[in-house]
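[1] compute the structure for the input listed below.
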Amino acid sequence: MADAAPSYADPQTAPLSARTGAPEDALALREVMWWHAGWALALMLAALVLIVSAHGAGPLVWLSLAAGMAPPAAAFALNAGDNQRRRLVLLVFWAVMSALACGLTGGIAGPLAVWCVAPLAAAAVLGGGKPLAQGAGLSVAAFAVIAVAQAAGLTGPAPMGPAAFDLALLGLGATSLGLAAALLLSRRRLSRRSAAQSSANADLHAVLLQQPNLIVTLGAGGRVAGAYGFPPFGVDPDVLFQQGLPALAPPDERIVVSDAIADAIREGRARVAFAPAPGAWLEIELRRMADGRVVATLRDAADQHARETALDAARADAEALNIGKSRFLANMSHELRTPLNAIMGFSDIMRERMFGALPGKYVEYADLIHDAGAHLLDLINDVLDMSKIEAAKYELSLERLDVREPVQAALRLMRLQADDVGVQLRGVLPSAPLEADLDRRAIKQIVLNLISNALKFTPQGGLVTVSVQALAGALELTVADTGTGISAADLERLGRPYEQAGDASQQARGTGLGLSLVRAFAELHGGEMGIESRLGEGTAVTVRLPAPAAEQPPAPQAERPSAQVIAFNPHR
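    Sure thing, here's the model as predicted:
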């Protein structure tokens, strides 16, 4: 058996990898700082040479040397090797200061014109293709700015005589040494990165070979292009490499594996599972890589499959036992109901004195027998209905009816019980017929069960209200009471078979099937049941049934009352 490959979008999470770049980044940052320190030292030595030679360097020359010293100071202030934004700021500052030094000493024709190449040298030290391109662009921009400024007459005069020679030698030497050092550092950095990459590749290769699953890359037709790891139980390496991944599956399931590979290519990933050999179970996870190839992970899932199979078997056994229990209860209920009907019939004959008068005590006993039999019959009917529903044998008998009829019938039946406990029972029904396709007995049973529960939890002098209305193509039936309410803990349990709320005396009056039957009847109609309650304030149970055929013909506004109220008042 194979699992159909589900449809996935492209993976949203990036794969994890080892992060070994921190030491390399720290070393590169130190090299950047050392290069800037060397540039600053070279300029200080040049300034010392100009002072010793006494060749008459003017103030513009000293300003140009100060401009050349500014970028190294900025590099230390910005810690510029730390991130790309700071590197770009430093490169721009290099271009501005280089252009300023060049402009102060005669522009392009001056002795420091070569300093416009300094941003390129700094970019080579900072490393990477992007900073190098930025440095080259800034160097060209510096040359262009100086050319325009010189054409506009905005540059300073070029030094003359020996000072010009010393300054030209200084500019050329500093720039040449800076470029050479930058290229040397860049080459060392590339060498270190290459060695680190080779080491990382070797580690990755070792990890792939030793990991417990088998990872393969697939080419066209499911052919294996590469494999790492250990073949799971049941996988023949010769078949895998010579015939491809689908050949591992039984012949009638190979098309499923091929479809899973196609799904992985199209959707981004897929999964398939099958038995490559007796006693084995193989689970394959497939993912599409960025270059379009597919990588597959083959995992031995025999233990997991055995557990899942055992769980499925246990679930099937439990369901079978539950169905058997429901059938037993249904048969038992039938067997109990037959003699019980006879007992109730004979007790009725005795109560009605059809064959003559009875002593007073016997009449009382006949009443008790009849009441006990009626109570027991109600319990048996509830068990029988729930058993039929659990055994999927309860069938609705839908008919077109006026919903008010089964509701009114239930109100009439519950009138005496409401009188006995001193609770007012009121029905709020539409004045016009409310027609829908429903099961008459189920609707009547819903109302009976809800009223019975409401009377059980409503103290003497309370009120139970039954209302019916059509709302947006649905039928809504609500039974509300002013009783003791239901606690939050009991609300979580109610609606499940044989679960009851209230104290022991209240629970003794039923089986806990009333609300579960209401919920079951509602769900058989495609509807739902909801309960709202608060301790000390009462409870409202609402059954909402989808009834697209429900009709409530409108009457003229002047003649139509809002509702028909039917009240059963025990205090009348």
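[2] which residues of this structure fall in strands?
    214-218, 224-229, 269-274, 282-288, 294-300, 398-402, 424-429, 435-439, 463-471, 474-481, 528-534, 538-546, 564-568 (DSSP state E).
[3] mind listing what's buried along the second one?
    Looking back up the chat, that one is strand 224-229. The neighbour-count check on strand 224-229 (16 or more other Cβ atoms under 10 Å) flags 224, 227-229 as buried. Backbone N, C-alpha and C define where each C-beta goes, glycine included.
[4] of those residues, closest to residue 36?
    When those are compared for distance to residue 36 (Cβ to Cβ), residue 228 comes out closest, at 45.3 Å.
[5] let me see the contact set for the closest residue to that closest one other than its chain neighbours.
    Distances taken as Cβ to Cβ, 6 or more residues apart in numbering put residue 208 closest to residue 228, at 3.7 Å, once the chain neighbours are dropped. Under the criterion of Cβ atoms under 8 Å, 6 or more residues apart in numbering, the contact list for residue 208 reads 215, 228-229.
[6] want to throw these into a markdown table with pLDDT and distance to residue 237?
    Compiled in a markdown table, the contacts of residue 208 are given as follows (pLDDT from 0 to 100; distance: Cβ to Cβ, whole Å):
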| residue | pLDDT | distance to residue 237 |
| --- | --- | --- |
| 215 | 90 | 14 |
| 228 | 86 | 12 |
| 229 | 87 | 11 |
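[7] report all helices and strands that the longest helix anywhere in the chain contacts.
    Taking DSSP state H as the assignment, the helix of the chain that covers the most residues is helix 302-352. Judged by 3 or more Cβ pairs under 8 Å, 6 or more residues apart in numbering; DSSP states H and E, the packing partners of helix 302-352 are helix 360-390.
[8] run the angle between the helix it packs on and helix 302-352 for me.
    Computed by axes from the mean of the first three to the mean of the last three Cα atoms, to 10 degrees, the angle separating helix 360-390 from helix 302-352 equals 150 degrees.
[9] before we move on, back to that, farthest pair in the buried residues of strand 224-229?
    Using Cβ to Cβ, the buried residues of strand 224-229 reach their maximum pairwise distance at 224 and 229, which is 12.4 Å.
[10] just to revisit the earlier point, closest one to residue 339 out of the buried residues of strand 224-229, please.
    Distances from residue 339 to these, taken by Cβ to Cβ, are shortest for residue 229, at 72.0 Å.
[11] can you pull the contacts of the closest one?
    Taking Cβ under 8 Å, 6+ apart as the criterion, residue 229 is in contact with 208-215.
[12] would you map the helices across the stretch 151-300 of the chain?
    Under the criterion DSSP state H, counting those that start in this stretch, the stretch 151-300 of the chain contains helices at 162-210, 237-243, 254-267.
[13] what's near enough to touch residue 258?
    Going by Cβ under 8 Å, 6+ apart, residue 258 touches 222, 246.
[14] how near is it to residue 46?
    Taking Cβ to Cβ, to the nearest Å as the measure, residue 258 falls 74 Å from residue 46.
[15] can I get the buried residues of strand 224-229 in TSV with distance to residue 40?
    As requested, those are arranged in TSV below (distance: Cβ to Cβ, whole Å):
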residue	distance to residue 40
224	59
227	56
228	51
229	55
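[16] sorry, back to before: now the longest helix of the chain against strand 269-274, angle please.
    Using the same axes, to 10 degrees, helix 302-352 lies at 80 degrees relative to strand 269-274.
[17] off-centre distance for helix 302-352?
    Counting by Cα atoms, centre = their mean, to the nearest Å, helix 302-352 is centred 40 Å from the centre of its parent chain.
[18] how is this protein carved up into domains?
    Recorded structural domains for the chain (assignment: automatic domain parsing) are 22-204, 214-300, 305-390, 398-568.
[19] residue 471 bridge partners, please.
    Legend: beta-bridge partners of residue 471 under DSSP bridges are residue 474.
[20] ok, it to residue 545 distance?
    According to Cβ to Cβ, residue 471 and residue 545 sit 11 Å apart.
[21] coming back round to it: filter the contacts of residue 229 down to the buried ones and hand me the PyMOL line.
    Per 16+ other Cβ under 10 Å, the buried members of those correspond to this PyMOL selection:
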select buried, resi 213+214+215
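[22] which one of the contacts of residue 229 is nearest residue 463?
    Sorting the contacts of residue 229 by distance to residue 463 puts residue 213 at the head of the list, at 68.6 Å, by Cβ to Cβ.
[23] look up phi and psi at that closest one.
    Dihedral angles phi and psi of residue 213 (degrees, to the nearest 10) take the values phi -100, psi -180.
[24] what pairs with the nearest residue to it once chain neighbours are set aside across the strands?
    By the measure of Cβ to Cβ, 6+ apart, the closest residue to residue 213 outside its immediate chain neighbours is residue 299, 4.9 Å from it. Here residue 299 sits in beta bridges with residue 283, going by DSSP bridges.
[25] ok, the residue nearest to residue 451 when sequence neighbours are not counted to residue 519 distance?
    Once flanking residues are discounted, residue 451 sits nearest to residue 414: 4.6 Å by Cβ to Cβ, 6+ apart. Computed with Cβ to Cβ, the distance linking residue 414 and residue 519 is 20 Å.
[26] now do residue 120
    Counting by Cβ to Cβ, the separation of residue 120 from residue 519 is 80 Å.
[27] neighbour count for the two, which is higher?
    Each of residue 120 and residue 519 had its neighbours counted (other Cβ atoms under 10 Å), and the higher figure belongs to residue 120 (27 against 23).
[28] and the more buried one, how far from residue 146?
    Plainly put, residue 120 is 15 Å away from residue 146 if you go by Cβ to Cβ.
[29] repeat that for residue 104.
    With distances taken as Cβ to Cβ, residue 104 is found 10 Å from residue 146.
[30] need the overlap of contacts for the two.
    Here residue 104 and residue 146 have residue 155 as joint contacts, going by Cβ under 8 Å, 6+ apart.
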